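# turn this into a model:
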Amino acid sequence: MENLTMGAPLKQPIVFELVGFDVPPGQGPFLFFLALCAYTVVLLGNGVVICVIVMDRNLHRPMFVMICHLVVCDLLGATAVLPHLMMHFLTGQKNIFYLSAIAQGFCVHTYGAAMQTILGVMAYDRYIAVCEPLRYHSIMTSARLHSCCALAWIVALLLIAGLFSFHINLPYCSRIIQHVYCSNKIMMNLACAPTPVSNIYGLVITWTVSTSMFIFIALSYIRILQAAFKQGRTDSSVRSKALQTCATHFIVYVVYEVTTLIIVVSYRFPSTSQNMKKFLGMLFIIAPPAINPIIYGLVSKELRTSIFQQFSTRTCRKN
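Numbering: from 1, shown residues only. Now for the predicted structure:
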């Protein structure tokens, strides 16, 4: 017992202070309620979409399978941040353990990367559907569909795993995270020594994924528009149908890019308050997951019809 007592002290777990929002006294419960409402909207909207697609065999087609992957991606991003934020508002607790911080940052970055790679796969699917309609079913087979979706997730997960591998045994000289959620860049800024390799790697994968997906999606839509207007010369309904099949994907991509751009622009204005910057940073996590189910339902007539049928059928059974 004496030897154990005199031995080296146990290594204390690393605990960060996640500052979050500057909450005025007495406003915590109200902000908790707002965060709870936002998370409920995300869960209900995306939950309805994924349940209806799973239950309706008519929707077991590539476009809707990919929408399911987008739903999972949206839920990953929102769940990584909002529950912890709600606890912060309700209890005032700011501490977050090292592994929890790494897990949160990993999920947030994976959400951002996977969203882009999945949207890239959807662009490929829409390109085949419009430009090669007669060969669509032979090209986009079930095996190829699941392979493309798996590849989108694998690429995102491997790139982000590489990014967070730089945190292994990294000494931190500060434990205060001046943000609402953990991210690689913010945590790297707390390191005792410069981390140029991590910074370069982060910039390279961010630029590569964002730029390559933007170019790929843009080229796909150029070809889609060319094919749609070419087909529309003989039958305008064909052009309308072709453009409608791409509307969901295009709007979701625009919403994601706009919320990301808002964050980038907000940090270029020093006069923007910290609370405002943090709030705009939350748009990236809340807006796409909350808005996307509405986009799926409004733009996709098949999904909207299936939702109404599922709910009306269950209501009739209860009566």
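
# CA atoms for contacts and neighbours, from now on please.
OK.

# following the lowest-mean-pLDDT helix or strand in the chain, which helix or strand comes up?
The helix or strand of the chain with the poorest confidence is helix 2-6; it has a mean of 44 (mean pLDDT, DSSP states H and E). Counting by DSSP states H and E, the element after helix 2-6 in chain order, helix or strand, is strand 15-18.

# and that next one, what does it pack against?
With contacts taken as 3 or more CA pairs under 8 Å, 6 or more residues apart in numbering; DSSP states H and E, strand 15-18 sits against strand 95-97, helix 98-131, strand 176-177.

# closest to R223 out of the ones you listed?
helix 98-131 (7.3 Å; CA to CA).

# the longest helix in the chain is where?
Determined from DSSP state H, the single longest helix within the chain is helix 196-232.

# between helix 98-131 and that helix, find me the angle.
Here the directions of helix 196-232 and helix 98-131 differ by 20 degrees (axes from the mean of the first three to the mean of the last three CA atoms, to 10 degrees).

# the helix or strand following helix 196-232: how far from the chain's middle?
For helix 196-232, the following helix or strand on the C-terminal side (DSSP H and E) is helix 236-266. Relative to its chain's centre, helix 236-266 lies at 15 Å (CA atoms, centre = their mean, to the nearest Å).

# could you give the average pLDDT over helix 236-266?
The pLDDT scores in helix 236-266 average 78.

# rewinding a little: give me the buried positions along the longest helix of the chain.
198-199, 202, 205-206, 209-210, 213-214, 216-217, 220-221, 224-225, 227-229, 231-232 (16 or more other CA atoms under 10 Å).

# again, but for stretch 34-54
With burial defined by 16+ other CA under 10 Å, the residues of stretch 34-54 counted as buried are 35-36, 38-39, 41-43, 45-47, 49-50, 52-53.

# what would these look like in JSON lines with distance to P270 and pLDDT?
Listed next are the buried residues of stretch 34-54 as JSON lines, based on distance: CA to CA, whole Å; pLDDT from 0 to 100:
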{"residue": "A35", "distance to P270": "27", "pLDDT": "92"}
{"residue": "L36", "distance to P270": "31", "pLDDT": "94"}
{"residue": "A38", "distance to P270": "28", "pLDDT": "93"}
{"residue": "Y39", "distance to P270": "30", "pLDDT": "95"}
{"residue": "V41", "distance to P270": "33", "pLDDT": "94"}
{"residue": "V42", "distance to P270": "32", "pLDDT": "95"}
{"residue": "L43", "distance to P270": "35", "pLDDT": "95"}
{"residue": "G45", "distance to P270": "36", "pLDDT": "92"}
{"residue": "N46", "distance to P270": "36", "pLDDT": "93"}
{"residue": "G47", "distance to P270": "39", "pLDDT": "92"}
{"residue": "V49", "distance to P270": "40", "pLDDT": "91"}
{"residue": "I50", "distance to P270": "41", "pLDDT": "92"}
{"residue": "V52", "distance to P270": "46", "pLDDT": "90"}
{"residue": "I53", "distance to P270": "45", "pLDDT": "90"}
